[in-house]
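Chemist: structure here, sequence nowhere to be found:
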């Protein structure tokens, strides 16, 4: 007996056992016609066994032979003790000879389904093939068998099978659809696929499966004109099915959207009409309104999208006494894209009052505040979002960077310490911790964190040990007062990327000039920085300060004034401070006072400059020299 036959017989026996067991249970529980007659006879004694218990069969009666122990049943089975005589089945219950083959086909098909549901597709395949052999015109069966053959990489066999079935049943839609998709997706033969797709479409132009097959093939073959014809014809279908119009809208929009660009204007109006047909059927359907709004957003029709989101959200609130979180979020993004940032923020703040623990709208609000330059408000939202969901490392990084941007070194350091404890194997986070500790003036801890980051990077991400890393590390060492280590690290940064070493060169030069040491080498580094980036204001300031240290005050004033012409407002106070000191040394007290006043106007927190200004101002009643 081959493997196929063994599986078949075993499955049949299993099915028969289940059916017979159910039948026998009913027989045992339901009285027979003889039982009913006996219950009406007076003085009828119930038979008992030798043990004194009621007997299932009278002493002179044996169990029916058909129910004795056998291959289907491991033990004795008891049924009606007074069975009626066996009779032939009614003629209308007999299987006609012409239906025997079809019945056998259905049996094999059912066995294949059972095995497939038991996750044995390899065992199910022979039964499907046998069923198809018995009933070759069964389209559903042919489709199922072909699917299995494609899965087994037997594409040519699947095509032969489908073509034979299609020839036998040329009006079966599923066969043409399957052939089109196999030729397109598996064999990459768009021309042949189009033949069968067109055939399926002619059979049922209002069937979504036929439409989607044609659209899929035409999209692959870049047949834009044929797609437009199909779209026009679809709009003429008298369908009263909401999902048909929504699915058709999504289908054609994706087909006409090339490389993320919206469809052409003439196509767009027809696409819009697909969604309007759905809305004509159910104008107050929230799901339909949301899908239409999604379509208008995806096609960059943001004003219309906002109107539909507004309507959907209003209906949702009326029915549920609360605004919808998903709809509100999409509405807010559509408002942003429609350049209505303030309206989006108002909506998000309303959402957060109703859903205070929702993370996505809080993060979106933070992003919008950040875009508007309201860093403090953005920071508050990002901190609350992180408190609600701390599972993503990028959220920790974003918060730390914002805290550093706002010069909140202590907060940044604490956030970074918690993040590193949660993500101990992220060397990038270790480096960010080192920077945050430096901003918090915890310099020794910062150097230790940089050492740890360098070690972690060297174990797997050596590309991160670049010029930028050693520039940041060197700056931290300088702030910690470790000048020799700082110089070594900064020189390493320069060596790793000499063509982009302007910042590192200026840093090491100014570090020495500010402390009035290594002036000759400091001047060389500062000039190297200016050679790489001429007229950079910070480097001009360094050069001016170098001239001051060298005693050439006029040259120092010249370079500092050049720096002030180009420097950004937030970086100007230090340059004004330097200029004030040099002007005072030159005896130009008025110019010195003017420079220090400008510095304080830009940064009122400079107490050292305030003290210099107070000393430089003449006592009341006197005039400046």
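Modeler: Cool, the structure landed. In this text the structure is predicted, and so the values were computed from the model without any measurement. Residues are numbered from 1 along each chain as shown.

Chemist: what about residue 446, how many residues close to it?
Modeler: Residues lying near residue 446 (other Cβ atoms under 10 Å) number 24. The way it works is simple: take the backbone N, C-alpha and C, and place the C-beta from them, glycine included.

Chemist: wait, a strand at it?
Modeler: No: residue state for residue 446 (DSSP: H, G, I helix; E, B strand; the rest coil) corresponds to helix; a strand is not indicated.

Chemist: I figured it hits residue 432, correct?
Modeler: No: with contact defined as Cβ atoms under 8 Å, residue 446 does not reach residue 432; the gap is 11.1 Å.

Chemist: measure stretch 459-471 end to end?
Modeler: As for stretch 459-471, its first-to-last residue distance stands at 20 Å under the measure Cα to Cα, to the nearest Å.

Chemist: list the contacts of that stretch.
Modeler: Outside of stretch 459-471, the residues within contact range by Cβ atoms under 8 Å, 6 or more residues apart in numbering are 427-428, 431, 453-454, 457-458, 489-490, 492-494, 496-497, 500-501, 503-504, 507.

Chemist: and with 6 Å instead?
Modeler: Applying Cβ atoms under 6 Å, 6 or more residues apart in numbering, the set of residues contacting stretch 459-471 from outside is 457, 489, 492, 493, 496, 497, 504.

Chemist: for these, give me a markdown table that also has distance to residue 157.
Modeler: Formatted as a markdown table, the contacts of stretch 459-471 follow (distance: Cβ to Cβ, whole Å):
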| residue | distance to residue 157 |
| --- | --- |
| 457 | 55 |
| 489 | 68 |
| 492 | 66 |
| 493 | 65 |
| 496 | 61 |
| 497 | 60 |
| 504 | 68 |
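
Chemist: derive a ChimeraX selection command for the buried subset of those residues.
Modeler: Here is the ChimeraX selection string for the buried members of the contacts of stretch 459-471, based on 16 or more other Cβ atoms under 10 Å:
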select :457,489,492,493,496,504
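
Chemist: pull the distance from stretch 531-548 to the chain's centre.
Modeler: What separates the centre of stretch 531-548 from the centre of its chain is 48 Å, taken as Cα atoms, centre = their mean, to the nearest Å.

Chemist: ok, stretch 415-423 next?
Modeler: Here the centre of mass of C-alpha atoms in stretch 415-423, compared against the chain's by Cα atoms, centre = their mean, lies 25 Å away.

Chemist: list the buried residues for it?
Modeler: Quick answer for stretch 415-423 (16+ other Cβ under 10 Å): 415, 416, 419, 420, 423.

Chemist: isn't the last one right up against residue 394?
Modeler: This points to residue 423. No: between residue 423 and residue 394 there is no contact under Cβ atoms under 6 Å: 10.6 Å.

Chemist: any chance you could list what contacts the helix or strand residue 596 falls within?
Modeler: In this structure, residue 596 sits in helix 589-602 according to DSSP states H and E. Here helix 589-602 makes contact (Cβ under 6 Å, 6+ apart) with 572-573, 576-577, 579-580, 583-584, 606, 609, 612-613, 616, 624-625.

Chemist: which of the helices and strands in the chain ranks last by mean pLDDT?
Modeler: One helix or strand of the chain scores below all others by mean pLDDT, DSSP states H and E: helix 33-38, with a mean of 36.

Chemist: after that one, next one along is what?
Modeler: For helix 33-38, the following helix or strand on the C-terminal side (DSSP H and E) is helix 97-117.

Chemist: ranges for the helices of the stretch 251-400 of the chain?
Modeler: Taking DSSP state H, counting those that start in this stretch as the criterion, the stretch 251-400 of the chain contains helices spanning 265-281, 286-298, 302-320, 325-337, 341-354, 359-371, 375-388, 393-405.

Chemist: ok and the fifth one relative to helix 375-388, angle-wise?
Modeler: The reference is to helix 341-354. Regarding helix 341-354 and helix 375-388, their directions subtend 30 degrees when assessed with axes from the mean of the first three to the mean of the last three Cα atoms, to 10 degrees.

Chemist: mind checking how far residue 530 is from residue 291?
Modeler: Counting by Cβ to Cβ, to the nearest Å, the separation of residue 530 from residue 291 is 60 Å.

Chemist: between these two, tell me which one has more neighbours.
Modeler: residue 291 (22 against 19).

Chemist: need the contact list for that one.
Modeler: Taking Cβ under 6 Å, 6+ apart as the definition of contact, the neighbours of residue 291 are residue 246.

Chemist: and for residue 370?
Modeler: Taking Cβ under 6 Å, 6+ apart as the contact definition, residue 370 lies against residue 378.

Chemist: what does residue 588 give?
Modeler: With contact taken as Cβ under 6 Å, 6+ apart, residue 588 is in contact with no other residue.

Chemist: circling back: can you list the helices of the stretch 251-400 of the chain in a markdown table and add mean pLDDT and distance to residue 523?
Modeler: As requested, the helices of the stretch 251-400 of the chain are arranged in a markdown table below (pLDDT from 0 to 100; distance: least, Cβ to Cβ, whole Å):
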| stretch | mean pLDDT | distance to residue 523 |
| --- | --- | --- |
| helix 265-281 | 94 | 64 |
| helix 286-298 | 96 | 59 |
| helix 302-320 | 96 | 57 |
| helix 325-337 | 96 | 51 |
| helix 341-354 | 95 | 49 |
| helix 359-371 | 94 | 41 |
| helix 375-388 | 94 | 38 |
| helix 393-405 | 93 | 32 |
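
Chemist: including distance to residue 113, could those helices go into TSV?
Modeler: As requested, those are exported to TSV (distance: least, Cβ to Cβ, whole Å):
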stretch	distance to residue 113
helix 265-281	36
helix 286-298	34
helix 302-320	42
helix 325-337	38
helix 341-354	48
helix 359-371	43
helix 375-388	47
helix 393-405	47
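
Chemist: got a winner among the contacts of helix 589-602 for most neighbours?
Modeler: Of all the contacts of helix 589-602, the highest neighbour tally under other Cβ under 10 Å goes to residue 579, namely 29 neighbours.

Chemist: in what helix or strand does that residue lie?
Modeler: Here residue 579 sits within helix 572-585, counting by DSSP H and E.

Chemist: now that helix: average pLDDT?
Modeler: Taken as a whole, helix 572-585 has a mean pLDDT of 89.

Chemist: who are the packing partners of it?
Modeler: Other elements packing on helix 572-585 under the criterion 3 or more Cβ pairs under 6 Å, 6 or more residues apart in numbering; DSSP states H and E are helix 537-550, helix 553-566, helix 589-602.

Chemist: how many neighbouring residues does the closest residue to residue 523 other than its chain neighbours have?
Modeler: With Cβ to Cβ, 6 or more residues apart in numbering as the criterion, residue 523 has its nearest non-adjacent residue at 5.3 Å, and that residue is residue 546. The local packing of residue 546 (other Cβ under 10 Å) involves 25 other residues.

Chemist: which residues touch residue 546?
Modeler: Applying Cβ under 6 Å, 6+ apart, the residues contacting residue 546 are 513, 523, 526.

Chemist: save those residues as CSV, and put in secondary structure, distance to residue 190 and pLDDT too.
Modeler: Formatted as CSV, those follow (DSSP: H, G, I helix; E, B strand; the rest coil; distance: Cβ to Cβ, whole Å; pLDDT from 0 to 100):
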residue, secondary structure, distance to residue 190, pLDDT
513, helix, 71, 95
523, helix, 70, 95
526, helix, 65, 95
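
Chemist: tally up the residues packed near residue 461, please.
Modeler: A count of nearby residues for residue 461, using other Cβ under 10 Å, gives 11.

Chemist: which pLDDT value belongs to it?
Modeler: Model confidence at residue 461, expressed as pLDDT, equals 82.

Chemist: any idea which element residue 454 lies in?
Modeler: Remark: residue 454 resides in helix 443-458, with elements defined by DSSP H and E.
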